[in-house]
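A.B. asks: the sequence and its predicted three-dimensional model are supplied below.
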Amino acid sequence: RTCSRGGLRYAVRVRSRSRFRFVQRLERGSQGAAAASSMPGGTPTTPTLEGVTGVPPRGLSPPIPAQPKRDEPREPREYWYPDATGDLQDVRMGLRELLFSTRSALALLGPLFVWATYKFRHNSVVDAILREVTDEVLVKEHDRPLIMMVMFLLCCITVVFIFALYVVSRKAKVYLLDFAVFHPPETNSCNKERFMELMAKTGYFTPEGLDFQRKMVDRAGIGDQTYVPDGLLNTSFEFNGTRDEALGQIAGSCDELFRKTGISPREIDFVIVNCSLFNPTPSLSAMIINKYKMRKDVKNYNLSGMGCSAGLVSIDLARDLLQLHPGKNCLVVSFESTTEQIYKGVQKSMLLSNCLFRVGAAAMLLTNKRSLISRAKYELVTTVRVHYGSDDTAYRAIYQEQDDKGYKGVRLSRDLVKVVGLALKSNFTILGPQVLPYSEQFKYIYDYLMRRFSKSYKAAHPHQYMPNFRKAFEHFCIHAGGRGIIDGLEDNLHLTPEDVLPSRATLYRYGNTSSSSVWYELNYIERKGLMKRGDKTWQIAFGSGLKCNSVVWRARKTMRPPQ
């Protein structure tokens, strides 16, 4: 349906009755405006959105609410995380991997064919027809068992063929042999007071900018033992210093990983590195190959500009590579360089990145070699990736640009919390059918149908049912992007303080280490002795673009805390 208002045209796709009434209101308002403007002395009136609720149509940005005056009291706004509004398209995407895959079809087709053959053979009508045909064509009575034997052999060949297709189409399992996180030297340790002294020492910031950064550091949930790069300690933000910082983080995490696994660097077949803001030439993956003198046939991949969720994107890429190439090892390195990326201007939306990000890196070794499966710590269960880059608001929510004075930095938009909520909602909806127990799925579907067809039920239950993810996972690794992110997921997923303790501890101890934060959280769970055999861990992160990614692991052994 299309309607005009004030000379503008709005295209609205009607998906439900509520949106149809929304279009009717706009039409009545436009007709009233036209009638009023045509009357002598009349003044045109425009329809308002007062009283209209619900999710805006896909592809359209929601209306911007009018800002209250200073003397008027502000109404408490709802938290920015979604209320788990259902989307059948996302639910179908989640069920597709579970029900409509090739493996499931072949698994059901084999028993169905055997049952149909058995019924066909023992059916009296079919047997009588077969006897008449064989009497007319072959005449001889001893040829009838021969036909039955041929049919039985064809049935066996078909069953074997279906089973072979099932085995061939089965995706190879991917395992996490081990991982290691980077622990910077204590000389790079920095408390809040020292951090503000270093920022003031640079001479780039005004007193107002320093005061704003001090407030953000106090509110972000960051402790007094985080680590900063050498460039900030020496007040030197040169390119060579950034390269040295990157090499130090990569070497620190990879050396520890090779020591823990006992794998030689020459046994690596794939190298994947993700770093959003620092991309030298040769690439960072080539830097690893050169440092560890890897084989000439090693394949390398370098991911850049993908934000804090790039670490899980690298895991998804490693899974696809290992499923296509059996008997291989894949090295994944996630880190972020902050030396050259410190914003030196006065824009508050771009100063936030200076307050949150700290030094950190992680290295992971994924494999599908049969000889290493018994030593693997985790098995990769599934990955889910959601991208909202088609929406302009989401695309510019985290945006690197230059300010009016030419200083480069990353701008965090006011719409960030809104688009992150939409991405999280879609990610939850797709992931739910793959991991949630059937009881929780039934409750969700029942609540969705009742809210759709029963007005009384919807009035009695204003918020849609949120499945209990604690029945699907024992551990949660939420990206430590800030205290508000952790608080929001804790409230909306109905998690306990113990569930989000790894995220809070990582944010307090290391700060926001970008894509490697979820691995610091998993390391915290292991060192506390909380990981048991069979436990499922949910890693979730979001980044620029805007995207939200999830990775689910199943522990293959009980992790004992170090002595």
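C.D. replies: Ah, there it is. Remember, it's a predicted structure, so these values are computed and weren't measured experimentally. Residues are numbered from 1 along each chain as shown.

A.B. asks: give me the number of residues near residue 336?
C.D. replies: Using other C-beta atoms under 10 Å, the number of residues around residue 336 comes to 27. C-beta coordinates here come from the backbone N, C-alpha and C atoms, glycine included.

A.B. asks: can you give me phi and psi for it?
C.D. replies: phi -140, psi 140 (degrees, to the nearest 10).

A.B. asks: the one 4 residues further on too?
C.D. replies: For residue 340, the backbone dihedrals (degrees, to the nearest 10) come out as phi -90, psi 0.

A.B. asks: can you give me the pLDDT of it?
C.D. replies: At residue 340, the pLDDT value in this model is 82.

A.B. asks: kindly report the same for the one 3 residues further on.
C.D. replies: What the model reports as pLDDT for residue 343 is 89.

A.B. asks: which residues does it contact?
C.D. replies: 350-351, 353-354, 407-410 (C-beta atoms under 8 Å, 6 or more residues apart in numbering).

A.B. asks: between these, which is closest to residue 382?
C.D. replies: residue 410 (30.5 Å; C-beta to C-beta).

A.B. asks: name the element residue 151 belongs to?
C.D. replies: Assigned by DSSP states H and E, residue 151 belongs to helix 144-169.

A.B. asks: could you point out which element follows that helix?
C.D. replies: strand 175-181.

A.B. asks: keeping just the C-alphas, turn whichever helix or strand residue 421 is part of into CSV.
C.D. replies: If you go by DSSP H and E, residue 421 is part of helix 416-435. C-alpha atoms of helix 416-435 as CSV (Å, rounded to 0.1, in the frame of the first residue of the first chain):
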residue,chain,number,x,y,z
LEU,A,416,24.0,1.9,18.0
VAL,A,417,22.0,0.5,20.9
LYS,A,418,18.9,0.2,18.7
VAL,A,419,20.5,-1.6,15.8
VAL,A,420,22.4,-3.8,18.1
GLY,A,421,19.2,-4.9,19.7
LEU,A,422,17.7,-5.8,16.3
ALA,A,423,20.8,-7.8,15.3
LEU,A,424,20.8,-9.6,18.7
LYS,A,425,17.1,-10.5,18.3
SER,A,426,17.6,-12.0,14.8
ASN,A,427,20.6,-13.9,16.1
PHE,A,428,18.7,-15.4,19.0
THR,A,429,15.8,-16.3,16.8
ILE,A,430,18.0,-18.2,14.3
LEU,A,431,20.1,-19.9,17.0
GLY,A,432,17.1,-21.0,19.2
PRO,A,433,15.7,-23.9,17.1
GLN,A,434,19.2,-25.4,16.8
VAL,A,435,20.1,-25.4,20.5
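
A.B. asks: which strands or helices does it pack on?
C.D. replies: helix 88-99, strand 378-387, helix 392-395, helix 438-453, helix 483-492, strand 536-543, strand 547-555 (3 or more C-beta pairs under 8 Å, 6 or more residues apart in numbering; DSSP states H and E).

A.B. asks: any idea of the pLDDT on residue 178?
C.D. replies: The model's pLDDT for residue 178 equals 95.

A.B. asks: number the residues from 453 up from this point.
C.D. replies: Okay, using 453 as the starting number, the last item reads as residue 630.
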